[in-house]
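> Coordinates for the following, if possible.
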Amino acid sequence: MGDTDERRKCYRTVFVTVGTTSFDTLVRAVDTREVKEELSKKGYTHLLIQMGRGSYIPHKSTGEDGSLTVDYFTFSSSIADNLRSASLVISHAGSGSIFETLRLGKPLIVVVNEDLMDNHQSELAEELADRKHLFCARPQTLYQVIAAMSLESLIPYPPGDASPVAKLINRFLSFPDD
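So this is what the prediction gives:
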């Protein structure tokens, strides 16, 4: 057991995901000294960035100087383990990433990519933020959102119930109700 196990228990990881696209402005934002210091002040110890197709390479750090340990990767066959082990998730506004993170009950900051033309994703993120299920930021406001966030203010997202839709489809197809 010893010292290594004790440190492992204290890990508080922030997982950043941009999905399969490029979102360099988000990666740059989390790689700033201000954001990393604020995450450290909030008790986070590790920053793991999934950078997708982006060209900006974040600065790795071993954390030996007391700062966050920072690492990154481009793609993985699944980020499910990263989401499960995260203490906080910072994500692009893709609905799959949002709902997977909320389903796991993880605190979430969604960062809207303002470079997208038809940005319906911002509507989803803003609606869920209004309902207090997540925090919503832009790359240029990420630092302020992290500094002001209170995880206790978040309301867990209730999982959906598909049974009414299934019953309607069954009736339409003349299947018996269960």
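
> List the residue ranges of this protein that fall below the pLDDT cut-off.
1-9, 117-119, 161-162, 164-165, 177-178 (pLDDT under 70).

> That one: strands as residue ranges?
13-17, 46-50, 69-73, 88-91, 108-111, 135-137 (DSSP state E).

> Select, out of the ones you listed, the one closest to residue 168.
For residue 168, the closest of the strands of the chain is strand 108-111, at 30.9 Å, according to CB to CB. For glycine as for every other residue, the C-beta is placed from the backbone atoms N, C-alpha and C.

> so where do the helices sit in this structure?
Using DSSP state H, the helices found in the chain span residues 2-9, 24-30, 33-41, 80-85, 95-103, 120-130, 142-148, 163-172.

> Any chance you could list what contacts the third one?
Helix 33-41 is touched from outside by 14, 29, 30, 47, 67, 68, 70, 88, 142, 143, 146, 147, with contacts defined as CB atoms under 8 Å, 6 or more residues apart in numbering.

> Tell me the gap between that helix and the middle of its chain.
Relative to the chain's own centre, helix 33-41 is displaced by 16 Å; criterion: CA atoms, centre = their mean, to the nearest Å.

> Can you list the buried residues in that helix?
Neighbour-count burial for helix 33-41 flags 35, 36, 38, 39, 40 (criterion: 16 or more other CB atoms under 10 Å).

> and what of the fifth one?
Taking 16+ other CB under 10 Å as the basis for neighbour counts, the residues of helix 95-103 that come out buried are 97, 98, 100, 101, 102.

> how much does that helix deviate in direction from strand 46-50?
150 degrees (axes from the mean of the first three to the mean of the last three CA atoms, to 10 degrees).

> what's the angle from helix 95-103 to helix 120-130?
If you take the same axes, to 10 degrees, helix 95-103 sits at 20 degrees to helix 120-130.

> For helix 95-103, report the contacting residues that lie outside it.
With contact meaning CB under 8 Å, 6+ apart, helix 95-103 is reached by 17, 19, 80, 83, 89, 91, 108, 110, 121, 124-125, 128, 133-134, 157, 159.

> Select, from those residues, the two members most distant in space.
Using CB to CB, the pair of the contacts of helix 95-103 lying farthest apart is 19 and 159, separated by 22.0 Å.
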